[in-house]
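**Q** what's the 3D shape of this:
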Amino acid sequence: MSEDYSLQINDIEPFCQDEIAVYRQCAEKRDKELRQRLQDSEHKLGLSMPLDEAKERASQLESEVTSLERYFCEVMCYVM
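**A** Predicted coordinates:
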């Protein structure tokens, strides 16, 4: 099903490929900036937390990152 959808996008809107590429670049740049801001905030928060809580928080965040990466991969595989 995702292959059919991908073909439709490329067949129907071939003139938008440049815009899609620019959008992806902007989204990647935004994601990178947001990740850095979040990482900086979490680092500051971790410094103010007791060690056990900071370790628990780090583990929780790693789990969330894994979940989001899987979701992102599924979305990108569907779109492409």
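**Q** buried residues in whichever strand or helix holds residue 77?
**A** Assigned by DSSP states H and E, residue 77 belongs to helix 51-79. For helix 51-79, the neighbour count (16 or more other CB atoms under 10 Å) marks residue 54 as buried. Glycine gets a C-beta too; all of them are placed from N, C-alpha and C.
**Q** Any idea how far that helix is from the middle of the chain?
**A** Centroid displacement of helix 51-79 relative to its chain, using CA atoms, centre = their mean, to the nearest Å, is 10 Å.
**Q** who does that helix touch, helix- and strand-wise?
**A** Contacts defined by 3 or more CB pairs under 8 Å, 6 or more residues apart in numbering; DSSP states H and E place helix 51-79 against helix 2-12, helix 17-48.
**Q** how about those in JSON lines, adding mean pLDDT?
**A** Shown next, in JSON lines, are these (pLDDT from 0 to 100):
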{"stretch": "helix 2-12", "mean pLDDT": "52"}
{"stretch": "helix 17-48", "mean pLDDT": "87"}
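**Q** For residue 69, which of those helices is the nearest?
**A** Of all the helices and strands packed on helix 51-79, helix 17-48 sits nearest to residue 69, with 11.5 Å by CB to CB.
**Q** The helices and strands packed on helix 51-79: which one's closest to residue 73?
**A** Smallest distance to residue 73 across these (CB to CB): 11.9 Å, for helix 2-12.
**Q** ok, back up a step: compute the inter-axis angle for the helix holding residue 77 and helix 17-48.
**A** 170 degrees (axes from the mean of the first three to the mean of the last three CA atoms, to 10 degrees).
**Q** can you list the helices and strands packed on helix 51-79 in TSV and add distance to residue 72?
**A** As requested, the helices and strands packed on helix 51-79 are exported to TSV (distance: least, CB to CB, whole Å):
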stretch	distance to residue 72
helix 2-12	14
helix 17-48	9
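**Q** Dump those helices into TSV; add mean neighbour count and distance to residue 59 as well.
**A** Listed next are these as TSV, based on neighbours: other CB atoms under 10 Å; distance: least, CB to CB, whole Å:
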stretch	mean neighbour count	distance to residue 59
helix 2-12	11	33
helix 17-48	10	12
